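Asker: A structural model of the following input is requested.
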Amino acid sequence: MEKKTALYDRHVAAGAKMVPYAGFQMPVQYAGVTEEHFAVREAAGIFDVSHMGQFFVEGPEARNLLQYTCTNNIDTLKDGKAQYTSLTNENGGIVDDLIIYKIADEKYFVVVNAANIEKDWEHLTKHNEKFGADLRNASDEISLIAVQGPKATEILQKLTDADLSAIPYYNFSYATVAGVENVMVSNTGYTGSGGFELYFPNEAADKIWDALLETGKDYNLQACGLASRDTLRLEKGFCLYGNDINDEVTPLEAGLGWITKFDKDFVAKEILQKQKEEGPKRKLVGFEMEKKAIPRGGYEIADADDNIIGKVTSGTMSPMKKVGIGLALVDVPHHKTDNRIFIKIRNKAVPAKVVKLPFV
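Answerer: Just a heads-up that it's a prediction; the model follows:
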């Protein structure tokens, strides 16, 4: 039985197409993927992403637990700042990618992927036996709305007492939004078009959603679903857990070396240190199709001699570029920019080119 977010009735009333996703009934689209995609790139869109998981990690050992289980260095976080990081398993594979918000010295707010809530909770709980931090899973109590796009700040500013220009990228503040007090307003997002993410109790979801849609009418704000969220993130080369990264892909293979800090101890540090020194044998890359074709996750990739050298992890037709784009895990040295690869689509080897990310 799938869960429903606090905004489920709003989506159904608006005519959204609902689909099962990560254990929830979620809106996949409203007006249409392309229309929603361009609304976010050119104006603004709002997304219900309340299916994401939220944990509180508190107490004197909170920092030590997160420092040991996450690859990034939590000591660079100041109060009011957020950090992108990953959890690793004993083999160096990615358990999840996540964002940690530092509220205070002994209080952190951790946002994880919807499909991994249970797995992440078990992972943190297991390692916490050594530390004894206070863990609380607040996933069922908190709603999350993302307001994204070049006009997102202008729209949100009309509804809040906070000076949004004073909240830099990957920082957050608590503010009143649409009359709802103590909303966490975070300058983060998964679209690459700027904007904010709002965290608040479920009871306030309808009020904030309605206020945003009403205020956004003059700005071409649109309600958006998971499908456009996927095309938006893919154009920016952002990883999606379960597609591009998983328990068997390491941060170094995924191009996430920048969130993997070896100046501290963490789970599987030695394995990853060795991989860094030797160089990963495969890497996650972006590619563009050279002919009209849409690559899909799971398609095999070959070299010019028809040897299989990897597979597509995510793919779509880019609404902005009007070409097929994708992310793929390929064997080194086929990962180099401008390298020609061949995507196996219905028994045909369709040429593509490795490109630098982001696509847009």
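Asker: so what secondary structure elements neighbour the helix or strand hosting Leu327?
Answerer: Take DSSP states H and E as the rule and Leu327 turns out to sit in strand 324-331. Using 3 or more CB pairs under 8 Å, 6 or more residues apart in numbering; DSSP states H and E, the elements in contact with strand 324-331 are helix 226-235, strand 282-289, strand 308-317, strand 340-345, strand 348-355. C-beta: built from backbone N, CA, C; applies to glycine.
Asker: got the contact list for the third one?
Answerer: Identification of contacts with strand 308-317 by CB atoms under 8 Å, 6 or more residues apart in numbering yields 230-231, 234, 240, 243-244, 282, 284, 294-303, 323-331, 334, 341, 343.
Asker: out of the helices and strands packed on strand 324-331, the one nearest Val49 is which?
Answerer: helix 226-235 (7.8 Å; CB to CB).
Asker: so what does that closest one touch, helix or strand wise?
Answerer: strand 24-29, helix 33-42, strand 308-317, strand 324-331.
Asker: may I have that helix as PDB, with CA atoms only?
Answerer: Extracted C-alpha coordinates of helix 226-235, given in PDB (Å, rounded to 0.1, in the frame of the first residue of the first chain):
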ATOM      1  CA  LEU A 226       8.600  13.900 -11.200                       C
ATOM      2  CA  ALA A 227       9.000  13.500 -15.000                       C
ATOM      3  CA  SER A 228      10.200  17.100 -15.500                       C
ATOM      4  CA  ARG A 229      12.200  17.000 -12.300                       C
ATOM      5  CA  ASP A 230      14.100  14.100 -14.000                       C
ATOM      6  CA  THR A 231      14.700  15.900 -17.300                       C
ATOM      7  CA  LEU A 232      15.800  19.000 -15.500                       C
ATOM      8  CA  ARG A 233      18.300  17.200 -13.200                       C
ATOM      9  CA  LEU A 234      19.600  15.200 -16.100                       C
ATOM     10  CA  GLU A 235      20.400  18.300 -18.300                       C
END
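Asker: buried residues, that helix. List them.
Answerer: For helix 226-235, burial by neighbour count (16 or more other CB atoms under 10 Å) applies to 226-235.
Asker: one more: stretch 273-281?
Answerer: Buried-residue list, stretch 273-281, by 16+ other CB under 10 Å: 275, 280.
Asker: likewise stretch 169-179?
Answerer: Quick answer for stretch 169-179 (16+ other CB under 10 Å): 171-173, 175, 177-178.
Asker: Serialize these to CSV and add fields for pLDDT and distance to Glu42.
Answerer: What follows is the buried residues of stretch 169-179, written out as CSV (pLDDT from 0 to 100; distance: CB to CB, whole Å):
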residue, pLDDT, distance to Glu42
Asn171, 98, 25
Phe172, 98, 26
Ser173, 98, 27
Ala175, 98, 26
Val177, 98, 24
Ala178, 98, 24
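Asker: in CSV: the residues you listed, plus distance to Ala6.
Answerer: CSV is the format used below for the buried residues of stretch 169-179 (distance: CB to CB, whole Å):
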residue, distance to Ala6
Asn171, 26
Phe172, 21
Ser173, 23
Ala175, 20
Val177, 15
Ala178, 15
